[in-house]
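Undergrad: 3D model of this:
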Amino acid sequence: MTPFGRRLRDLRAERGVTLSQMATTIGVSPTYLSALENGKRGRPTWAMVQRIIAYFNVIWDEAEDLQRLAELSHPRIVVDTAGLSPEATELANLLAREIAHLPPEAVAELLGRLKILRRRG
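TA: Numbers count the residues shown, from 1 in each chain. Just a heads-up that it's a prediction; the model follows:
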């Protein structure tokens, strides 16, 4: 599941909306919407995110958050380390190899640490 997919599922649950109801209203198939929620589809287009924002009638910060989550939700990503340090290449390769084996708390810890470092930089 992607960050966007998790938020989408949470929004539906908070509002008591079924997958089929939402899919019909925004003009997609329930299969597509399910795949989007479960990370089986690539990141949603800007237009799709706008339809979802309109469907849930979210504004300002929540709408921006949905757009940000959509941008961070590509389930298959390529990391180009050309021109970076050997350590950066090693980090990218280790993460790619090990991420599926890390416990959720370790993933959360690494993500939190990266966010802290990004704010400092």
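
Undergrad: can you give me the helices for this protein?
TA: 3-15, 19-26, 30-37, 46-56, 60-71, 86-98, 104-120 (DSSP state H).

Undergrad: Now tabulate those helices in CSV and tack on mean pLDDT.
TA: Formatted as CSV, the helices of the chain follow (pLDDT from 0 to 100):
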stretch, mean pLDDT
helix 3-15, 95
helix 19-26, 97
helix 30-37, 95
helix 46-56, 96
helix 60-71, 93
helix 86-98, 94
helix 104-120, 94
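
Undergrad: and Asp80, which of these is closest to it?
TA: Closest approach to Asp80 among the helices of the chain (C-beta to C-beta): helix 86-98, 8.8 Å. Placement of C-beta: from N, CA and C, glycine included.

Undergrad: Packing partners of the closest one?
TA: Applying 3 or more C-beta pairs under 8 Å, 6 or more residues apart in numbering; DSSP states H and E, we find helix 86-98 packed against no helix or strand.

Undergrad: before we move on, back to that, minimum distance to Val79: which of the helices of the chain has it?
TA: Among the helices of the chain, if distance is taken as C-beta to C-beta, the winner is helix 86-98, at 4.4 Å.

Undergrad: what residues does that closest one touch?
TA: Contacts with helix 86-98, where a contact means C-beta atoms under 8 Å, 6 or more residues apart in numbering, come from Val79, Thr81.
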